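1. mind looking at a prediction? Sequence and model below.
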Amino acid sequence: MKILITAPYNERGRQQLAEQFGEVIYRCWKEHGQAYQEQELIQLLQETEADGLIAELDQVTAHVLNEVPSLKFIGVCRGTPSNVDVQLATERGIPVFYTPARNAQAVAEMVVGSLITLLRNVIPSSQWLEAEQWQSGSLTAYLKFKGNELAGKKVGMVGFGAVAQRTAGILRSFPCDIQYYDPYVTSPDPRDRKLTLEALFADSDIVSIHLPVTKETRGLIGEELLSRMQPDSILVNTARSVVVKHRDLVHLLEQKRIRGAIIDVFDQEPPLPQDYELIRLPNVLAIPHLAGATYEVEDHHVEIMNQALLQWFVKNDHSVRTLYNKAILEANSNDTASISRI
């Protein structure tokens with residue numbers, strides 16, 4: 001089997017695949033300079049005669065699948081394979097593997113680090129010092145920039161998937177009290193409180209958003225919920241921008257009805273001109289979508305992907321946790337049952 005890899009993939013991971021499957025062709029999008037465009041990806045797949053594709057950013061559209069019908073699998077080094085036409089892949093019987101929680105530790109660390117940065121006034125005090133404003137009095141900075149500890153804060157998680165749970169695990173050690181809203185998940189830690197969305201916004205010192213984009217979550221957080229937040233509270237969004245109503249958040253922060261916000265995601269990236277009214281607010285710590293950007297994340301997705309491929313193809317074990325389109329299992333089961341009745 002030939003495997004084309006366009007995702008960042010370390011040498012050890014590539015060697016492991018080569019030993020098990022044969023030929024590995026590495027054409028990382030980073031060396032290409034950007035994600036492969038549709039026609040570029042088709043050409044690359046056809047030229048290499050690849051049987052499998054491991055991608056990160058490239059759009060595996062219906063056109064790609066139609067032009068390269070011989071693909072035996074698609075691997076996506078992301079938390080969700082939103083760049084793949086999963087429905088068509090499923091109809092074709094092509095398994096789609098993904099790497100959930102590959103960046104859970106990275107995002108969790110960024111959330112905690114950013115909270116400390118904001119609570120302790122690290123950025124404004126550093127800017128003040130660089131501007132040579134410490135001209136007199138040994139206690140000037142002490143009085144001007146005294147901050148707050150993270151310990152003892154009530155942190156409300158909106159969504160309690162892998163990233164939120166990893167973040168909660170770090171925060172408990174400070175210690176912080178964890179409360180969460182998630183209609184589909186119950187925390188394995190009995191100390192955590194499961195609340196309604198309204199109660200969580202009203203009763204948390206920090207609200208951290210960990211939601212995917214769905215019909216239910218798009219624009220979920222607006223004035224009605226934001227207005228319930230406490231005056232000294234902080235909102236953190238390292239998940240998806242569109243789950244929060246932009247104008248409502250800007251209005252809240254401009255009026256200083258909450259202490260501040262940490263924002264790592266935007267509706268479009270690079271941000272649009274109107275996004276800078278949020279980014280430039282003095283009570284906002286804005287980050288250019290870096291929460292999941294660590295070198296270790298790439299190692300994590302290699303490990304998760306290789307494990308899935310070895311389990312599926314080498315061990316012929318189809319109970320792969322990171323198979324995204326599990327509907328193909330039912331289809332394969334039905335095919336087997338039909339054959340057995342012939």
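-> Sure thing, it's come through. Numbering: from 1, shown residues only.

2. hmm, who's touching the helix or strand harbouring Phe97?
-> Taking DSSP states H and E as the criterion, Phe97 maps to strand 96-98. For strand 96-98, the surrounding residues in contact (C-beta atoms under 8 Å, 6 or more residues apart in numbering) are 73-81, 84, 86, 89-90, 305, 308-309, 312, 320, 322-325. Where C-beta positions appear, they are placed from N, C-alpha and C, glycine not excepted.

3. show me which of these are buried.
-> 73-79, 81, 84, 86, 89-90, 305, 308-309, 312, 320, 322-325 (16 or more other C-beta atoms under 10 Å).

4. which ones among those residues map onto strands?
-> Among the buried ones among the contacts of strand 96-98, DSSP state E puts Phe73, Ile74, Gly75, Val76 in strands.

5. residues in contact with the first one?
-> Phe73 makes contact with Asp51, Gly52, Leu53, Ile94, Pro95, Val96, Phe97, Leu309, Trp312, Phe313 under the criterion C-beta under 8 Å, 6+ apart.

6. give me the neighbour count for the nearest residue to Val297 once chain neighbours are set aside.
-> Distances taken as C-beta to C-beta, 6 or more residues apart in numbering place Asn103 nearest to Val297, at 4.6 Å, with adjacent residues excluded. Using other C-beta atoms under 10 Å, the number of residues around Asn103 comes to 25.

7. phi, psi for Asn103 please.
-> Torsion angles at Asn103 (phi, psi; degrees, to the nearest 10) stand at phi -110, psi 20.

8. what ranges does the stretch 1-150 of the chain have for its strands?
-> Shown for the stretch 1-150 of the chain, the strands assigned by DSSP state E, counting those that start in this stretch span residues 2-5, 23-26, 52-55, 73-76, 96-98.

9. dump those into JSON lines; add distance to Val207 and mean pLDDT as well.
-> Shown next, in JSON lines, are those (distance: least, C-beta to C-beta, whole Å; pLDDT from 0 to 100):
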{"stretch": "strand 2-5", "distance to Val207": "39", "mean pLDDT": "99"}
{"stretch": "strand 23-26", "distance to Val207": "42", "mean pLDDT": "98"}
{"stretch": "strand 52-55", "distance to Val207": "34", "mean pLDDT": "99"}
{"stretch": "strand 73-76", "distance to Val207": "30", "mean pLDDT": "99"}
{"stretch": "strand 96-98", "distance to Val207": "28", "mean pLDDT": "99"}
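
10. which stretch among the ones you listed comes nearest Ser173?
-> Among these, strand 96-98 comes nearest to Ser173, with 29.5 Å by C-beta to C-beta.

11. break the chain into its domains for me.
-> Domain segmentation of the chain under the TED database yields 3-98+295-339, 103-286.

12. lowest average confidence, helix or strand, in the protein?
-> Here the helix or strand of the chain ranked lowest by mean pLDDT, DSSP states H and E is helix 327-340, holding a mean of 58.

13. test my guess that the residue nearest to Val297 contacts Arg78.
-> No: if you go by C-beta atoms under 8 Å, Asn103 and Arg78 don't touch, sitting 9.1 Å apart.

14. who touches both of these two?
-> Among the neighbours of Asn103, none is also in contact with Arg78 (C-beta under 8 Å, 6+ apart).

15. what segments of the stretch 51-200 of the chain are helices?
-> In the stretch 51-200 of the chain, the helices defined using DSSP state H, counting those that start in this stretch lie at 62-67, 86-91, 104-119, 122-130, 140-144, 162-172, 197-203.

16. hmm, who's touching the first one?
-> The one in question is helix 62-67. With C-beta under 8 Å, 6+ apart as the test, helix 62-67 has contacts from Glu38, Leu41, Ile42, Leu45, Gln46, Leu71, Asp85, Leu88, Ala89, Arg92, Ile94.

17. please state the offset of that helix from the chain centre?
-> Here helix 62-67 is found 27 Å from its chain centre; the criterion is C-alpha atoms, centre = their mean, to the nearest Å.

18. the contacts of helix 62-67, buried ones only, as a PyMOL selection?
-> Remark: buried members of the contacts of helix 62-67, expressed as a PyMOL selection using 16+ other C-beta under 10 Å:
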select buried, resi 41+42+45+71+85+89+94
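
19. put together TSV for the contacts of helix 62-67, with pLDDT on each row.
-> Below are these laid out as TSV (pLDDT from 0 to 100):
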residue	pLDDT
Glu38	97
Leu41	98
Ile42	98
Leu45	98
Gln46	98
Leu71	97
Asp85	98
Leu88	98
Ala89	98
Arg92	96
Ile94	98
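
20. which of the contacts of helix 62-67 lies closest to Gln20?
-> Nearest to Gln20 among the contacts of helix 62-67, counting by C-beta to C-beta, is Leu71 at 18.0 Å.

21. circling back to that earlier point, out of the helices of the stretch 51-200 of the chain, the one nearest Pro8 is which?
-> Between the helices of the stretch 51-200 of the chain, helix 104-119 lies closest to Pro8; by C-beta to C-beta that is 13.9 Å.

22. the closest one versus helix 162-172: what angle between them?
-> 50 degrees (axes from the mean of the first three to the mean of the last three C-alpha atoms, to 10 degrees).

23. quick one: pLDDT of the residue nearest to Val297?
-> At Asn103, the model reports a pLDDT of 97.

24. ditto for the one 4 residues further on
-> In the predicted model, Val107 carries a pLDDT score of 98.
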